[in-house]
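Undergrad: need a 3D model of the following:
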Amino acid sequence: MNDSRPEPIAPSPVRPVWLAPVVAAALLAVHAALALWAASGESVTHDELLHLTGGYFYDKFGDYRIQPENGNLPQRLAALPAVLMGAPPPKLEDNLYWSTSDASVVGHQFFYETGHDHWPMLMAGRAVMMVFSLGTGLLVFWWARRLFGDAAGLFALTLYAFDPNVLANAPLATSDSAAVFFLLASCTAFWAHLRQPSGRTGALSAVTFGLACVAKYSAAFLLPMFGLLLMWRVCREAPAARRRWLWLAPLTLAGHAAGGLLIIWSFFGFRYSGFGTGVPPAAHFIVPWEGVLPFIGLHGMAVDFCRQWHLLPEAYLYGYSWVVQSAQLRGAFLAGQYSLYGWVSFFPLAFWWKTPVALLAALAVGVGVFVRRKPGPVGRWKDEAAAMAPLLVLFAVYWAFSLTSKLNIGHRHILPVYPTLFILAGGLAAPGLLAAWRRPVVMGALVAGLLAANFRVAPHYLAFFNVFAGGPANGHRLLVDSSLDWGQDLPGLAAWLREHNAGPGAAPVFLSYFGSGEPDYYGIKAARLPFVNGFKEVPRWYEPRGGLYCIGATMLQEVYSPVRGGFTLDSEKEYQERRRAVPVFNAYWHDPAARDDLLRQFTAKQLDAVWMRFDWLRFARLATYLRAKPPEAVVGYSIFIYRLSDDEVDRVLNGRYSDWLAAVEAQPAH
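TA: Numbering: from 1, shown residues only. Prediction:
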């Protein structure tokens, strides 16, 4: 007997009907525990501050000016604990940043300047957001079980529950987990309605679609998905039966449009204006309408039409416009390259580097077995494809849009394609696909490989990179921002400094950080090198000297620096010209009389701009050197710690360009 041939499908052993659901519930409980355990050691990530602040003002004041470009529903849910805990708002009267809808500054005020500890409300919000990841896990289990049986459902759910990328994003108070859930749920509900059209299935699908619309603006991708699924369903009908879809299709689409509109309006209080009446008024959204609409082409014309006729709430329209505009031009990093327009290869490479090898292997084995399978009747193949239609369409359409996206800032943006892969990989556990003795061996090896990858990176799941990428330690050379460094490791840095740099002999600390966390909250006393956090704080003057330089991976790669792309000879010329003003900068910050004299000649805004430009140039010289230097320590794979002497700092920042270049080239390869 040839063991390589698939075994014939045989009846599955009789098991209690409750066994698979109970095991699935246990897996989801472990999934939630791991995700929240990891999140409990992380500072607020860059976007969480914005989401929680926006949701707080939605829930408490019915004001939608803060962060309307992200989903109203997840923001409301994430902020609900803050409202129930009685978190006070910052002072809004005469608050310039409130009147101009500046989410970053108002968020900092809300988190750190009201006297209310943000940590309990943040962790409670994270716990609430786990509901979306648990919902996606249930859908993965349901789909794989329905297609391939109990064992397949549990295998697919295991892959989902222990995937480091899922665990990294599942508890965060952002809209990503909500988008993953609602895209899959909406495609599933729509296909169920097309297969069995009725008022009940139509209402369920329309409500799910409406909730997807207020979960994240990526719900717009559902429109082509629905179109393809509708065509697929009609084409499967016998020619004589297709006529009923002439009235059923328009009725279905109209019902979904009505459901979507009703839910969107309800989440914005059935009010057009984005600004509440019980709070100080707004001058405008973060950027006035006239700074957005003219730059988004046909989207702008459509939005302007909807504004004139009040077809959708103002904040919803503004959020959509802002998403379209911000996706056109955004700094991005990919394996040493920099771009404002992104790369077609960004998401395929991010997928290749950050997907666990166990899942890649499961897909490869599954494809290999499927290709070698004896071909069956054409009708059977069509039935199999139809059974998976929502999964295939979701995967294909979402990837098509991802490849054309210029918003290349994080692997998290392709998370919606993963549930389809987990479900299909679950098919390896189906009876008849693999020989009987091979099936448990393959499944066991894949689960063991996934668990090993999980344990190696835990609890720093956001920093996961597979062996093809060189592991988490090499991740910063390939991807940064929300693929690795989203500002989550301030607690780890504080712990490292307490252990390694405490007492009378403590070295001075210099910090360059990407994120919305406040270092002072964690007791990190450091001179602040350039930050990227949007708090509108002008960096104070500091004198670089020997000490510990703690640099976040996103800052180390200078993704959002105005001098990104390498410290060139032109950068050096500008740097040396501006260095002549160092005595002026020093006097400006330390001598009140000199400061008053300078302010009679220049505005504070002009002087701050000159100082900040110099600071960025100086940091670029430093970061280029540090990228070549092995760090003394790395915290969470995202914050790099270097110990520099006074002479080394002087040589790197004040030496001749040729000496600086030689110092960079002299660093050992690492």
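
Undergrad: which residues sit in contact with Ala587?
TA: By CB atoms under 8 Å, 6 or more residues apart in numbering, the contact set of Ala587 is 594-595, 598. Placement of C-beta: from N, CA and C, glycine included.

Undergrad: ranges for the strands of this protein?
TA: 332-334, 337-339, 509-512, 527-528, 547-552, 633-635, 639-644 (DSSP state E).

Undergrad: can you put those strands in JSON lines and add mean pLDDT and distance to Leu211?
TA: JSON lines is the format used below for these (pLDDT from 0 to 100; distance: least, CB to CB, whole Å):
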{"stretch": "strand 332-334", "mean pLDDT": "96", "distance to Leu211": "31"}
{"stretch": "strand 337-339", "mean pLDDT": "94", "distance to Leu211": "35"}
{"stretch": "strand 509-512", "mean pLDDT": "98", "distance to Leu211": "40"}
{"stretch": "strand 527-528", "mean pLDDT": "94", "distance to Leu211": "41"}
{"stretch": "strand 547-552", "mean pLDDT": "98", "distance to Leu211": "35"}
{"stretch": "strand 633-635", "mean pLDDT": "98", "distance to Leu211": "38"}
{"stretch": "strand 639-644", "mean pLDDT": "98", "distance to Leu211": "37"}
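
Undergrad: tabulate those strands (JSON lines), appending mean neighbour count and distance to Gly259.
TA: Putting those into JSON lines (neighbours: other CB atoms under 10 Å; distance: least, CB to CB, whole Å) gives the following:
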{"stretch": "strand 332-334", "mean neighbour count": "22", "distance to Gly259": "36"}
{"stretch": "strand 337-339", "mean neighbour count": "14", "distance to Gly259": "39"}
{"stretch": "strand 509-512", "mean neighbour count": "22", "distance to Gly259": "48"}
{"stretch": "strand 527-528", "mean neighbour count": "16", "distance to Gly259": "49"}
{"stretch": "strand 547-552", "mean neighbour count": "25", "distance to Gly259": "43"}
{"stretch": "strand 633-635", "mean neighbour count": "18", "distance to Gly259": "47"}
{"stretch": "strand 639-644", "mean neighbour count": "22", "distance to Gly259": "46"}
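
Undergrad: correct me, but Ala473 touches Pro631?
TA: No. Between Ala473 and Pro631 there is no contact under CB atoms under 8 Å: 10.5 Å.

Undergrad: between those two, tell me which one has more neighbours.
TA: Pro631 (17 against 13; other CB atoms under 10 Å).

Undergrad: for the nearest residue to the more buried one once chain neighbours are set aside, list each beta-bridge partner.
TA: Nearest in space to Pro631, with sequence neighbours left out and distances taken as CB to CB, 6 or more residues apart in numbering, is Phe640 at 4.3 Å. Per DSSP bridges, residues listed as beta-bridge partners of Phe640: Ile551, Val634.

Undergrad: now for Phe640: which residues touch it?
TA: By CB under 8 Å, 6+ apart, the neighbours of Phe640 are 476, 550-553, 556, 626, 631, 633-634.

Undergrad: got the domain boundaries for the chain?
TA: 23-280+344-429, 489-665 (automatic domain parsing).

Undergrad: with distance to His460 added, can I get those domains in JSON lines?
TA: Output for the domains of the chain, formatted as JSON lines (distance: least, CB to CB, whole Å):
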{"stretch": "domain 23-280+344-429", "distance to His460": "8"}
{"stretch": "domain 489-665", "distance to His460": "5"}
